[in-house]
Each structure stands twice: as C-alpha cells, then as structure tokens.
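Visitor: what's the 3D shape of this:
(4 chains)
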Protein chains: 2
Amino acid sequence: MLAPERQARILKQLQVHEAVRVADIAAALNVSEMTIRRDIESLDANGLARKIHGGATRLARLSALEPGFLLNVDKELDAKLAIAREALELVRPGMTLALTGGTTTYQLAVHLAAALEGLGHLTVVTNSLKVAELLYHQQGRADCKVIVTGGERTPSEALVGPVARAALHTLNTDICFMGVHGLDADRGLTTPNLLESETNAAFIESTRRLVVLADSSKFHVRSLATIAPLSAVDTIITDDGAAPATRELFASRVPTFTAVAVPADTTKNQTRKSS
Amino acid sequence: MLAPERQARILKQLQVHEAVRVADIAAALNVSEMTIRRDIESLDANGLARKIHGGATRLARLSALEPGFLLNVDKELDAKLAIAREALELVRPGMTLALTGGTTTYQLAVHLAAALEGLGHLTVVTNSLKVAELLYHQQGRADCKVIVTGGERTPSEALVGPVARAALHTLNTDICFMGVHGLDADRGLTTPNLLESETNAAFIESTRRLVVLADSSKFHVRSLATIAPLSAVDTIITDDGAAPATRELFASRVPTFTAVAVPADTTKNQTRKSS
DNA sequence: GTGCCTGGCGTTCGGGTGCCAGCATGTTAG
DNA sequence: CTAACATGCTGGCACCCGAACGCCAGGCAC
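Guide: You can find the predicted model right below:
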C-alpha cells in the first residue's frame, strides 16, 4: 500500500462520509495511526481535506456549496425527475447533445449519467460546470465526451458571455435540452439573466432540435430577458400539473408537446426530507 | 524483453491495480529495479502513468476522484508552496491573470484565494476546472471575476482543444502563470499532452508576460510536446533545489529568473514565529 | 480546587526501503 | 574503431513508516 494510494482512499471515503476517523482508516488499511495522521496532514496542506481532531473532514463540497442551487433542486423535484426521464427517451447512441445550465437540465444529466452505459458514444456540450463535473466522473465507465463552452460564471453556476457564445458558434449539436425560467405565449422563453439569455440563444442557433424542459410552474412566467420566441421550440416536455387550457395553448404552438404524469405523492427514493 | 514491452506490461497492470510497486514488477519481469524505475520515469514523462515513491500509479480511472492530480500534489509540496508565494508577489490590483492547468498553478490559486481581499479587483482566466471552482467559492468575499476557457477535459483536469484555443484568441491577459511538465534548454517548455501543449501555446500568445512556475525537478525534462521555446518565457520561478550549473544555464536564457529558498526541514506550512 | 485517567496529537528516533548518480558492461550501428 | 544506447550494479542518501514518549484537554471522583 503506497502513500498516494492511501490518500486516495481517504478522499474517496470523504466523498461518501462527511468525516472520517484516523483510527478507522488505520484499521481498515492496516497501517499505523501515525501514518494516517501524516496522510491527512498532507491532504490538508494541499487543500484537499481538512484536518480535525480525531480525523479529517471534507471542505465545502456538496454541503456548503450551492446556496441557491440545491434549494431549488428540491422544488418540483418529482416533476423534474419525470421530465428528465422523458427527455432521456429522445437520446440515441452517437448523438451530440447540448445541455444548458439550470436545475432541470442538471436532473437530466444525473439520469443521463446513470444511463450512459446503454447509450454508446455520446458527446455532450454544456455551459454548466456542475453538469461537466458530473459527467466527467462517469468517464472510464462509459464512452462520453464532455465539452465545456467556457465563459463567466453566473450565480446559477452556468458559464455565459462572449466566450460561451463564440464557442457555441463553432459547435453543432443534434439536440439541445434547455431549462428556462419562464415560458410565455407572447414573450417566448425567458430568463432573469441577460447574459444567460444571450448564451441560450446561441445554444438554439447551434442545434438542430430544441427541447425545452419546463415544469408546470414555468408557464405564463415572463422573466426579464427573452431567449427566443416559442416558434424556435421543437419540443416541450413538462409535467401534468398545468391547467388544461394552458396545456392546450402551448401544445398548439409547438410541433411536439409532452406532458408526463407525475405520481402525486411519490414517496420516492430519498426525497421527503422537507415537509 | 524490450523496453516498450515492459512498459506495456506496467500499463496493463495499472489497469487492474490502482498502483504497482517497482520491486514487484522487477521480480515479475526478471529485470533490475533500476530498469523499471527508468521505465516508469519514461511513462510519466509521456503522461501515461505517474511516478510515485515506491512505484507508479495510474492517472485516471474509475477511482471516482481526481487521479494523478491529487496523488501528485504531495511531491515537491514545499517547493510548490514557496513558488506560489513568490508568484503572488507579481500580482497587482486590477490585473488580468491567466492560470493554466496543473498542480503548481493550483497551489498558486489556493494562495491567491487566500490573499484575494488585499488585491482589489482581479480577473482570472483559466482552463482548469479546479481553479475555477476554487476561486468561484471565494466570490462574494472578494472582487474577483473568473473566466473559464472551455474545451474538452484532459486527465489532468484542464480544458483543451479548439474551443479553449478560440476563447484564448479573444482574450488578453497581463500575466500568465503556467505550470509545465518539463523545461529543457533545447526543447523549451514541454508537456506530455499534445492538446495541452497547443492550448498552453495559445495562453502564451494571449498574454503580455509569461511566468513559468517549475519546481527544480522539471529542469532537463523533455516530454512529448513542446509548448514554446525558452525564448518565449519572461520569468521563471523555481525553488533552490537545482544544481548551480542548471540554475545558471536557465537564468541566462530568460530575462528574469527567481530561485526561492525552500526551508530545508520545515515540514510545517504554517508560519512558526517562535525560534 | 487537586488528582487521576483517557484519548488524541506531535516529536523524535531508528530501521528499513526506495531512489539516484555514476560507472561498468553489452549490444548495435556506422 | 567509436558512438550511442540500454541495462545492471553499488554506495550513499533521502524518505517513509512505526513505536515510544511526553503534552494537552476533557471527564470524573473526591
């Protein structure tokens, strides 16, 4: 057991558990506690973990991270799950996908990562650092190339701006999954962030087929900036929570409109934390 | 048993095991340990494996966490720390910095993040997702804009390729801090990754001043691809571990050459004012 | 409060292992 | 023959690991 190997094991443990104990690791790896302490010390010095009394703990990561992000994920989680599942049906082996930033597309990415093995080679273009991270960790296990657009970061963890736009101008994708903040019959797809609207417009220009993922709370919402008119949309995937009139209105405006059923209570896997 | 054959065997072993020992391989192949060490050294220079104390470890794999990146950080840690500290001296408020991928620049980013408050407004351009993550988490606390170049990911967590290059063509930076894999008097700055060399070359074109950060183990190392000749370098910052002849050689080739003292014993990173 | 115990930490020292520079040898090519 | 390259060997050095000891803090009894 070599030193870097041990340290890798410690970090791996820390991805699962919030903290680890020196004694536990020492026993598990069959080395002295002193050695583990030195390993932790080294990890700490490198800014990869934090040394605490009795063991080590990870730095920020999933817990402290995402102030607005995780909170938002929970909202309408079941709907987003169902939508993501439906969207996944559109993916075929060999395709080049685009995924914009946002929590809905992130859900899709999670599902995509889980299903990668059955999908052969895929290329994914994204301006979301979180999606890039997620898919990158699947690498080795599956055949998936990830391309990041670059740009500046918005509070919602997406990369935007001239750099992102320029990158998208040189890329062509088969299908683009886009999460939006609002979907209005007159004002089209909207988002509160000007730069994001511009970037998302570039996504639309670069794709053959635009799929908008929007839970039912997004209908009739107008945010600051319009990304594109409804006529640019090829497919809308939503849940069944919208009023029938609303559903019909939007269904009549786009070539394909899918409203997936969301199990009412859904005592799903791990949800249920907040009541 | 020829050299390429041995090295192939080592790589094969690494696909199965997280790490291998010099002694084991030497025994298995019935050659001297010295030969295996040289093989591993070569594999490392070509970016196919990573040399560690006692053997070799693979770069990326299913291990879920950053592979060669974190494991390697330990090596030359004190030197990298001292180098980072020195590099930080070159940063002035209002500057636009570029940081390439690599462990040395990551160390710089860690220091930079800690010192952000005193530096006023900064703009940082990077092709390293880890650096982007790190600096982004400082946001709010300090005035620092982070721009990611975009591109595809290499095993060493850097973004490279046409997208990165195109982004860099549109950006201009005051100073670029670059970590390299090798620094050779004849072959200049080198790296095992072809795409990375191309991207780093783009970094050089886009900056006013190029600062190469290289601990003393990097001198006289030739990796696969040349990024740029030594004449492109404005400043080299290294530690004091190189032979005097080496130091003089490189010092005579670049306008500014700084060898920072690395306290010999000081296993402690924290200051230690008591004497 | 004092005294004792316990658990974790850090230092220090010693043994062992691995690393490297330098030289010697063998092989191949010109 | 010389040159270049690959391999093996050796002695000195550096590093890693483990164990022992002392330090410090908290808990508990008195």
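Visitor: from here on, contacts and neighbour counts on C-alpha atoms
Guide: Fine.
Visitor: where's stretch A:254-263 relative to the chain centroid, distance-wise?
Guide: Remark: stretch A:254-263 is offset 21 Å from the chain centroid, using CA atoms, centre = their mean, to the nearest Å.
Visitor: Just the buried residues of it, please?
Guide: For stretch A:254-263, a neighbour-count test (16 or more other CA atoms under 10 Å in any protein chain shown) marks A:257, A:258, A:259, A:260, A:262 as buried.
Visitor: again with stretch A:19-36
Guide: Neighbour-count burial for stretch A:19-36 flags A:19, A:20, A:21, A:22, A:23, A:25, A:26, A:33, A:36 (criterion: 16+ other CA under 10 Å).
Visitor: residues contacting the closest residue to the third one other than its chain neighbours?
Guide: Spelled out, it's residue A:21. Distances taken as CA to CA, 6 or more residues apart in numbering or on different chains put residue A:55 closest to residue A:21, at 4.1 Å, once the chain neighbours are dropped. Contact analysis of residue A:55 by CA atoms under 8 Å, 6 or more residues apart in numbering or on different chains lists A:19, A:20, A:21, A:22, A:23, A:37, A:40.
Visitor: swap the cut-off to 6 Å and go again
Guide: Neighbouring residues of residue A:55 by CA atoms under 6 Å, 6 or more residues apart in numbering or on different chains: A:20, A:21, A:22.
Visitor: Show me what it bridges to in the sheet.
Guide: Listed by DSSP bridges, the beta-bridge partners for residue A:55 are residue A:21, residue A:52.
Visitor: now it: how far from residue A:1?
Guide: 20 Å (CA to CA, to the nearest Å).
Visitor: Could you do residue A:7 as well?
Guide: 10 Å.
Visitor: Looking at those two now, which is surrounded by more residues?
Guide: residue A:7 (19 against 13; other CA atoms under 10 Å in any protein chain shown).
Visitor: What degree of burial does the residue nearest to the more buried one when sequence neighbours are not counted show, as a neighbour count?
Guide: What sits nearest to residue A:7 in space, not counting adjacent residues and going by CA to CA, 6+ apart, is residue A:39, at 6.1 Å. When neighbours are defined as other CA under 10 Å, residue A:39 has 21 of them.
Visitor: Tell me if residue A:39 really is in a helix.
Guide: Yes - Residue A:39: assigned to a helix according to DSSP: H, G, I helix; E, B strand; the rest coil.
Visitor: Make sure residue A:120 is actually in contact with residue A:91.
Guide: No - using CA atoms under 6 Å, residue A:120 is not in contact with residue A:91, being 10.6 Å away.
Visitor: ok, then the element right after the host helix or strand of residue A:84?
Guide: Taking DSSP states H and E as the criterion, residue A:84 maps to helix A:77-88. Later in the chain than helix A:77-88, the nearest helix or strand by DSSP H and E is strand A:96-99.
Visitor: Partner strands of that following strand and their direction?
Guide: When DSSP bridges is applied, strand A:96-99 pairs with strand A:122-126 (parallel), strand A:173-179 (parallel).
Visitor: which one of the ones you listed lies closest to DNA strand D?
Guide: The closest of these to DNA strand D is strand A:122-126. By CA to the nearest atom of the strand, the value is 38.6 Å.
Visitor: average pLDDT across the closest one?
Guide: Averaging pLDDT along strand A:122-126 gives 93.
Visitor: CA atoms only for that strand - export them in PDB, please.
Guide: Included here for strand A:122-126 are C-alpha records, laid out as PDB according to Å, rounded to 0.1, in the frame of the first residue of the first chain:
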ATOM      1  CA  LEU A 122     -22.200  10.400 -26.800                       C
ATOM      2  CA  THR A 123     -20.900  13.900 -27.000                       C
ATOM      3  CA  VAL A 124     -22.200  16.400 -24.600                       C
ATOM      4  CA  VAL A 125     -21.800  20.200 -24.900                       C
ATOM      5  CA  THR A 126     -22.700  22.200 -21.800                       C
END
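Visitor: what's near enough to touch the closest residue to DNA strand D within the stretch 51-200 of chain A?
Guide: The stretch 51-200 of chain A approaches DNA strand D most closely through residue A:53 (10.7 Å), counting by CA to the nearest atom of the strand. For residue A:53, no contacting residues are found, by CA under 6 Å, 6+ apart.
Visitor: Find the residue ranges of the stretch 51-200 of chain A scoring beneath the pLDDT cut-off.
Guide: Within the stretch 51-200 of chain A, the stretches with pLDDT under 70 are A:60-77, A:137-142.
Visitor: what's the distance between residue A:168 and residue A:50?
Guide: Relative to residue A:50, residue A:168 is positioned 39 Å away (CA to CA).
Visitor: Please identify which of those two sits among more neighbours.
Guide: Per other CA under 10 Å, whichever of residue A:168 and residue A:50 has more neighbours is residue A:168, with 28 against 20.
Visitor: quick check, that one in a helix?
Guide: Yes - counting by three-state DSSP, residue A:168 is part of a helix.
Visitor: in terms of contact, does residue A:177 touch residue A:99 like I think?
Guide: Yes - using CA under 6 Å, residue A:177 is in contact with residue A:99, at 5.1 Å.
Visitor: And the residue of the stretch 101-250 of chain A closest to chain B?
Guide: Here the residue of the stretch 101-250 of chain A nearest chain B is residue A:150; by CA to the nearest CA that distance is 3.5 Å.
Visitor: Give me the most central residue, chain A.
Guide: What sits nearest the mean C-alpha location of chain A, by CA atoms, centre = their mean, is residue A:106, with 2.1 Å.
Visitor: Any figure for the gap between it and residue B:5?
Guide: Residue A:106 is 44 Å from residue B:5, by CA to CA.
Visitor: try residue A:148
Guide: Residue A:148 sits 37 Å away from residue B:5, going by CA to CA.
Visitor: Among those two, which residue is more densely surrounded?
Guide: residue A:148 (28 against 10).
Visitor: and that one, what is it in contact with?
Guide: A:125, A:126, A:127, B:150, B:151.
Visitor: hmm, try it at 10 Å
Guide: Going by CA atoms under 10 Å, 6 or more residues apart in numbering or on different chains, residue A:148 touches A:124-129, A:131-132, A:159, A:164, A:167-168, B:129, B:148-153, B:159-160, B:163-164.
Visitor: For whatever residue of the stretch 1-150 of chain A ends up closest to DNA strand C, the count of nearby residues, please.
Guide: Residue of the stretch 1-150 of chain A nearest DNA strand C, by CA to the nearest atom of the strand: residue A:54 (3.2 Å). In terms of burial, residue A:54 registers 12 neighbours under the definition other CA under 10 Å.
Visitor: My read is that it contacts residue A:22, right?
Guide: Yes - using CA atoms under 10 Å, residue A:54 is in contact with residue A:22, at 6.0 Å.
Visitor: Mind listing the shared neighbours of those two?
Guide: In contact with both residue A:54 and residue A:22: residue A:37, using CA under 10 Å, 6+ apart.
Visitor: neighbour-wise, which of residue A:177 and residue A:99 wins?
Guide: residue A:177 (28 against 25).
Visitor: List the beta-bridge partners for that one.
Guide: Beta-bridge partners for residue A:177, by DSSP bridges, are residue A:99, residue A:211.
Visitor: ok, it touching residue A:108?
Guide: Yes - the criterion here is CA under 10 Å, and residue A:177 meets it with residue A:108 at 8.7 Å.
Visitor: okay, and the common contacts of the two?
Guide: Contacts common to residue A:177 and residue A:108, judged by CA under 10 Å, 6+ apart, are A:84, A:87, A:88, A:99, A:213.
Visitor: re the thing from before, what sits against the spatially closest residue to the residue nearest to the centre of chain A that is not a sequence neighbour?
Guide: Leaving aside its sequence neighbours, residue A:106 sits nearest to residue A:131 (CA to CA, 6+ apart; 6.1 Å). Listed by CA under 10 Å, 6+ apart, the contact set of residue A:131 reads A:99-103, A:105-110, A:113, A:124-125, A:146, A:148, A:157-158.
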